[in-house]
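In: From the sequence below, what's the structure:
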Amino acid sequence: MSPDLAGLEAANERFYQALERADLDAMEAVWAHDAGVVCVHPGSELISGWPAVRRSWAAVFASGQYLQLIITDVRARVLADAGVVTCTENALAGLPGGGLAGGRSLATNVFVWDGGAWRMVAHHASPVLRRGR
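Out: Below is the predicted model of the structure:
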């Protein structure tokens, strides 16, 4: 098995499945577990290193908030032993006390080919505040 586009796209899908299901074990399986990984949740500061990134996902999942994601505009590219995926995260989330809110974020996900699998090393999602021109 070698790094390929289909495998990269599948790894990206596993990331979003783990996120939508609030499945920390599945999220751990997607990520590399080293000091070099980074994550920026929409509207937040940079989180560095696997222990801190893992804690951030645990906190997100602990909220118990309903989350449905529709991922669109996916563009993936393999660069030797690395892969970059950009996409739009279209989210529908539960509000405290009931109700739903929707929003969009643009995301860049970076993976490396490690031990025969794609492992995420960076996730950066930025909220879309207005439509482009």
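In: where along the protein do the helices fall?
Out: Per DSSP state H, the chain carries helices over the ranges 5-21, 24-30, 50-62.
In: Tell me which of the ones you listed sits nearest to Ala125.
Out: Relative to Ala125, the nearest member of those by C-beta to C-beta is helix 5-21, separated by 10.0 Å. Any C-beta I mention is one placed from the backbone N, CA and C, and that applies to glycine too.
In: List the buried residues of the closest one.
Out: 7-9, 11-12, 14-16, 18-19 (16 or more other C-beta atoms under 10 Å).
In: can you check stretch 79-97 too?
Out: Neighbour-count burial for stretch 79-97 flags 83-85, 87-91 (criterion: 16+ other C-beta under 10 Å).
In: quick one: Val38 and Val121 touch, right?
Out: Yes. Counting by C-beta atoms under 8 Å, Val38 touches Val121, with 7.4 Å between them.
In: Looking at those two, which is more packed in?
Out: Neighbour count, other C-beta atoms under 10 Å: between Val38 and Val121, Val121 has more, with 21 against 16.
In: where are the low-confidence patches of the protein?
Out: Confidence mapping of the chain against pLDDT under 70 gives the ranges 1, 94-100, 131-133.
In: quick one, strands of it?
Out: Applying DSSP state E to the chain gives strands spanning 38-40, 47-48, 67-79, 82-94, 100-114, 117-127.
In: and for stretch 81-91, what are the contacting residues?
Out: For stretch 81-91, the surrounding residues in contact (C-beta atoms under 8 Å, 6 or more residues apart in numbering) are 3, 5, 8-9, 11-12, 16, 67-77, 102-113, 118, 125, 128.
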